[in-house]
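[1] kindly return the folded structure for what I paste below:
(3 chains)
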Amino acid sequence: MPWPSRKRDKGAVADKKEPDAKIAKTEEETSDKEEEKSSKPPAGSSKSGWKNWKKKESESGGEESKITYCHWLLKSEPESRLEKGVDVKFSVDDLKAQPNQTTCWDGVRNYQARNFLRSMKLGQQAFFYHSNCKEPGIVALVKIVKEAYPDHTQFDQKDPHYDSTSRKENPKWSMVDVQFVRMTKRFIPLSEIKAHHLAHKANGGPLKDMMLFSRQRLSIQPLTQEEFDFVLSLEEEKPR
DNA sequence: GCCAACGTTGGC
DNA sequence: GCCAACGTTGGC
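    Down below sits the predicted model:
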């Protein structure tokens, strides 16, 4: 059976040493300029949360457009779907079944998403999101266990994400390795996140600019600390 | 399965 | 560089 491929396994193994990540420094034209990097490695964990959300806009001293991202949301399809004859299904259960519960996040073929991938730092946490399925939403927490390095599937003609225009000397696409951390205490549906987003947009709140809604098709999205904390705090609430 | 959103491609 | 055609994503 075809392996999941959207982002999947195959070589993952976190501590395998790769010659290193030689990210091409190409600077492909990117379609955006956002991305900012964080810098503090350990993503903390959260808890508390959103009590400080209000300050975000006012603080940041003088430049508020300098948002720092240190958390992520990774979309993956939990239901089977063929892409060039290969099943791209990769659910959180598939992730948990990997050696070390770790996988390489390959197959990303969008420049903006790739750039975010390249700015990910070791130890940062991300939400594992199920998309294109009956119940879209967040199911688990994962963390970055290996920073960006060339995505080998771009050179594999049999891979659905093969890119004939990419050269080994200067790979266009990158991937990171991510490891399962834990399931969220409950499934956090998109509908619920969206309801909060709409409310925050109207009245202010941490989710008012969440990329899930402004860049709906991006498969790799950054979250601010406030967004991450707020969303995570939802796991403590009763499902509505 | 439909279709809106939106990224990419390519003619000019 | 503009923009229409086209392809993909992903909610519903």
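
[2] now for the top helix by length along chain A, which elements pack on it?
    Taking DSSP state H as the criterion, chain A has its longest helix at helix A:190-203. Helix A:190-203 is packed against strand A:137-150, helix A:211-214, with contacts defined by 3 or more C-beta pairs under 8 Å, 6 or more residues apart in numbering; DSSP states H and E. Placement of C-beta: from N, CA and C, glycine included.

[3] the longest one pairs with which strands?
    Looking at strand A:137-150 with DSSP bridges, its partner strands are strand A:125-130 (antiparallel), strand A:174-189 (antiparallel).

[4] let me see the contact set for the closest residue to A:H197 other than its chain neighbours.
    Spatial nearest neighbour of A:H197, chain neighbours left out: A:L207 (4.5 Å); criterion: C-beta to C-beta, 6 or more residues apart in numbering. Neighbouring residues of A:L207 by C-beta atoms under 8 Å, 6 or more residues apart in numbering: A:I193, A:H196, A:H197, A:H200, A:K201, A:E227, A:F230, A:V231.

[5] so for A:L207, what pLDDT did the model give?
    pLDDT for A:L207: 97.

[6] thinking again about what came up before, which of the helices and strands packed on helix A:190-203 sits most buried?
    strand A:137-150 (a mean of 22; mean count of other C-beta atoms under 10 Å).

[7] on that earlier part again, pipe the helices and strands packed on helix A:190-203 into a markdown table and attach mean pLDDT and distance to DNA strand B per row.
    Shown next, in a markdown table, are the helices and strands packed on helix A:190-203 (pLDDT from 0 to 100; distance: least, C-beta to the nearest atom of the strand, whole Å):
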| stretch | mean pLDDT | distance to DNA strand B |
| --- | --- | --- |
| strand A:137-150 | 98 | 16 |
| helix A:211-214 | 96 | 6 |
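
[8] any chance of JSON lines for those, columns distance to A:Y162?
    Shown next, in JSON lines, are the helices and strands packed on helix A:190-203 (distance: least, C-beta to C-beta, whole Å):
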{"stretch": "strand A:137-150", "distance to A:Y162": "14"}
{"stretch": "helix A:211-214", "distance to A:Y162": "28"}
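
[9] a markdown table for the ones you listed, including distance to DNA strand C?
    Shown next, in a markdown table, are the helices and strands packed on helix A:190-203 (distance: least, C-beta to the nearest atom of the strand, whole Å):
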| stretch | distance to DNA strand C |
| --- | --- |
| strand A:137-150 | 8 |
| helix A:211-214 | 8 |
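
[10] returning to that earlier point: tell me the most buried of the strands paired with strand A:137-150?
    It is strand A:125-130: most buried of the strands paired with strand A:137-150 by mean count of other C-beta under 10 Å, with a mean of 24.

[11] residues in contact with that one: which ones?
    Strand A:125-130 is contacted by residues A:43, A:45, A:71-78, A:91-92, A:95, A:136-144, A:178, A:180-181, A:184, A:223, A:228, A:231 when judged by C-beta under 8 Å, 6+ apart.

[12] can you state the direction angle for it and helix A:190-203?
    120 degrees (axes from the mean of the first three to the mean of the last three C-alpha atoms, to 10 degrees).

[13] strand A:125-130 close to DNA strand B?
    No. Contact of strand A:125-130 with DNA strand B (C-beta under 7 Å from any atom of the strand) is absent, the minimum separation being 13.9 Å.

[14] returning to what we had before: possible to save the strands paired with strand A:137-150 as CSV with mean pLDDT?
    Shown next, in CSV, are those (pLDDT from 0 to 100):
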stretch, mean pLDDT
strand A:125-130, 98
strand A:174-189, 98
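
[15] all set, thanks.
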